[in-house]
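1. got a sequence here, can you build the structure:
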Amino acid sequence: MAGAGVHALPAARQRVAPWRDERVRSIVFQIATVAIVLAFGAYLAGNAIENLHRQGIATGFGFLGREASFAINPTLIPFSPADSYARAILVGLLNTLLVAGLGIVFATVLGFVIGIARLSSNWLVSRLALAYVEALRNTPLLLQIFVWWDVLRLSAPQPREAWEPLAGVYVSNRGVIFPVPIYDPLYLWMLAAAAAGLAFALVLRRWARRRQARTGQILPTGWLSLAFIILPPVVVFVAGGAPYLLDVPKVTRFDFSGGQSITPEFAALLFALTAYTAAFIGEIVRGGIQSVSRGQGEAALALGLTRGQTLRLVVLPQAIRVIIPPTTSEYLNLTKNSSLGVAIGFSELFAVSNTTANQTGQAIEVMAIVSGTYLALSLTISLLMNIYNRWAALVER
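-> Numbering: from 1, shown residues only. I've put the predicted structure just below:
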């Protein structure tokens with residue numbers, strides 16, 4: 001009888017009505033929710049298309065091939081008003097990538113310095129770092145951008161009275177103008193050689209770590225890595241005939257011709273993003289270092305390591321697991337905050353897209369492009385940082 005009762009339970013469960021089964025109801029509710037969201041989105045899209053047609057505004061992305069008819073400065077690739085809107089958006093994207101990439105590098109370096117300075121035993125150094133963090137974190141980023149912009153524009157002379165600290169380098173309220181090498185196809189091969197050297201240096205460092213853990217022998221990978229990164233491009237440059245022609249700027253009546261410029265708008269946005277984000281990264285670094293037991297540092301000092309070696313070899317490798325996730329969020333914020341450059345006239349992605357939307361009337365399509373681009377950038381940064389986080393965890397093990 002007991003055995004029959006045990007076998008009867010599954011049969012009873014199978015006879016439960018579908019609307020009483022928790023799993024079935026969960027699936028039905030999810031499908032219904034998705035259907036409602038899609039229906040609401042289709043309703044909004046239909047209304048938008050109908051209103052656009054009523055106003056005589058075409059829909060679709062065909063406008064991307066039309067002539068842009070506006071100038072962009074600065075540009076990393078050649079661009080003229082006769083080029084298409086698609087190329088204009090690409091120029092804005094490259095400007096965004098430039099300011100975001102440089103901002104991430106500079107903010108990381110400055111943030112680590114600030115975070116370590118916050119823990120300094122020197123009272124003055126720690127208080128100065130604290131003042132920096134509190135001042136930068138508690139004022140709006142847009143205000144800081146305007147402050148930097150006004151300082152850079154108002155403190156420099158007119159182009160005809162520009163300062164020339166070095167031959168061919170001019171500083172004025174139009175920015176810093178300096179000579180640049182004229183492009184040669186060999187430079188792409190030099191870049192490829194540098195990338196290959198960097199990849200080999202990373203492999204070498206990882207092998208050296210494993211070798212040190214296995215044998216205790218230390219390989220000086222710092223200088224070797226630097227050699228692998230620098231020497232291959234130099235060899236390619238010399239083997240290719242060493243082409244080196246400079247585009248030297250010249251002073252005209254109201255401006256400069258030739259060379260490359262760092263505009264006040266670009267510099268102000270970069271300085272503000274760097275300083276603002278570094279304040280947050282500094283606190284993240286401080287918290288990560290303090291999460292490591294003090295006994296770890298004391299043990300390292302007792303073994304004869306200097307304070308610098310203790311920080312670099314013992315404390316930071318353990319703190320990095322705590323530092324990386326919130327730092328990733330700061331990188332994402334910095335990349336998205338670069339869109340504030342529109343307030344001071346810097347031609348980044350959002351500013352160029354805004355001009356495009358105003359001229360074409362294709363606001364929905366343009367904003368879809370911008371949203372998708374920022375989403376792709378954020379997901380890429382998150383993916384790279386997650387890969388680095390897993391790599392750091394494996395190295396520590």
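2. which other helices and strands contact the helix or strand hosting residue 153?
-> Element membership for residue 153 (DSSP states H and E) is helix 141-154. The contact analysis (3 or more CB pairs under 8 Å, 6 or more residues apart in numbering; DSSP states H and E) places helix 141-154 against helix 264-290. (C-beta placed from N, C-alpha, C; glycine too.)
3. now the first helix or strand past the helix it packs on going along the chain, how far from the centre of its chain.
-> Going down the chain from helix 264-290, the next helix or strand is helix 294-302, by DSSP H and E. Put simply, helix 294-302 sits 35 Å off its chain's centre (CA atoms, centre = their mean, to the nearest Å).
4. which positions in helix 294-302 come out as buried?
-> For helix 294-302, burial by neighbour count (16 or more other CB atoms under 10 Å) applies to 297, 300.
5. please apply the same query to stretch 197-217.
-> Buried, per 16+ other CB under 10 Å, within stretch 197-217: 197, 201, 208.
6. buried residues in the helix holding residue 153, which are they?
-> Buried residues in helix 141-154, counted by 16+ other CB under 10 Å: 141, 144, 145, 146, 148, 149, 152, 153.
7. name the helix or strand for the residue nearest to residue 313 when sequence neighbours are not counted, please.
-> Spatial nearest neighbour of residue 313, excluding adjacent residues (CB to CB, 6 or more residues apart in numbering): residue 305 at 6.9 Å. Using DSSP H and E, residue 305 falls within no helix or strand.
8. follow-up on the earlier one: can you list contacts of the helix holding residue 153?
-> Outside of helix 141-154, the residues within contact range by CB atoms under 8 Å, 6 or more residues apart in numbering are 136, 173, 175, 264-265, 267-269, 271-273, 275-276, 337, 340-341, 343-344.
9. partner strands of the next helix or strand along the chain from that helix, with direction?
-> Of the helices and strands lying after helix 141-154 in sequence (DSSP H and E), the nearest is strand 163-166. Within its sheet, and counting by DSSP bridges, strand 163-166 is paired with strand 169-172 (antiparallel).
10. show me where pLDDT drops low in the stretch 151-300 of the chain?
-> Within the stretch 151-300 of the chain, no stretch has pLDDT under 70.
11. can you map out the helices along the stretch 201-350 of the chain?
-> Secondary structure of the stretch 201-350 of the chain by DSSP state H, counting those that start in this stretch: the helices cover 221-239, 264-290, 294-302, 307-310, 316-337, 349-360.
12. could you list the buried residues of stretch 304-311?
-> 305, 310, 311.
13. do stretch 326-342 as well
-> Going by neighbour count (16+ other CB under 10 Å), the buried part of stretch 326-342 is 327-328, 330-335, 337-342.
14. can I get stretch 238-245 as CSV, trimmed to CA atoms?
-> Provided in CSV are the C-alpha atoms of stretch 238-245 (Å, rounded to 0.1, in the frame of the first residue of the first chain):
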residue,chain,number,x,y,z
VAL,A,238,64.1,52.3,-41.5
ALA,A,239,63.5,49.4,-43.9
GLY,A,240,60.8,51.4,-45.7
GLY,A,241,63.1,54.3,-46.5
ALA,A,242,62.3,56.5,-43.4
PRO,A,243,59.7,58.7,-45.1
TYR,A,244,59.3,61.8,-42.9
LEU,A,245,57.8,65.0,-44.3
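15. chain center to that stretch, what's the gap?
-> For stretch 238-245, the distance to the chain centre is 33 Å (CA atoms, centre = their mean).
16. and the contacts of that stretch?
-> Outside stretch 238-245, the residues that touch it by CB under 8 Å, 6+ apart are 181, 182, 184, 186, 189.
17. make it 7 Å
-> 181, 182, 184, 186 (CB atoms under 7 Å, 6 or more residues apart in numbering).
18. distance of residue 164 relative to residue 170?
-> Counting by CB to CB, to the nearest Å, the separation of residue 164 from residue 170 is 6 Å.
19. ok, those two, which is more surrounded?
-> Between residue 164 and residue 170, counting by other CB atoms under 10 Å, residue 170 is the more crowded of the two (23 against 12).
20. surely the more buried one touches residue 162?
-> Yes - contact criterion CB atoms under 7 Å: residue 170 and residue 162 qualify, at 4.2 Å.
21. what do these two both touch?
-> Residues touching both residue 170 and residue 162 (CB under 7 Å, 6+ apart): residue 251.
22. stretch 338-353: end-to-end distance?
-> Using CA to CA, to the nearest Å, one end of stretch 338-353 lies 14 Å from the other.
23. pass me the low-pLDDT residue ranges in the stretch 1-150 of the chain, would you?
-> In the stretch 1-150 of the chain, residues with pLDDT under 70: 1-20, 52, 56-59.
24. just how off-centre is stretch 138-153 within its chain?
-> The answer for stretch 138-153 is 20 Å, by CA atoms, centre = their mean.
25. could you dump that stretch to CSV, C-alpha only?
-> Written as CSV, here are the backbone C-alpha positions of stretch 138-153 (Å, rounded to 0.1, in the frame of the first residue of the first chain):
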residue,chain,number,x,y,z
ASN,A,138,30.6,67.6,-5.8
THR,A,139,30.4,70.1,-8.7
PRO,A,140,28.5,69.4,-11.9
LEU,A,141,30.6,68.1,-14.8
LEU,A,142,29.0,70.5,-17.3
LEU,A,143,30.1,73.4,-15.1
GLN,A,144,33.6,72.1,-15.0
ILE,A,145,33.6,71.8,-18.8
PHE,A,146,32.6,75.5,-19.1
VAL,A,147,35.2,76.6,-16.6
TRP,A,148,38.0,74.8,-18.5
TRP,A,149,36.7,76.2,-21.8
ASP,A,150,36.6,79.8,-20.5
VAL,A,151,40.1,79.5,-19.0
LEU,A,152,41.6,78.1,-22.2
ARG,A,153,40.0,80.6,-24.5
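26. wait, residue 88 sits on residue 68?
-> Yes - assessed by CB under 7 Å, residue 88 is found in contact with residue 68 at 4.4 Å.
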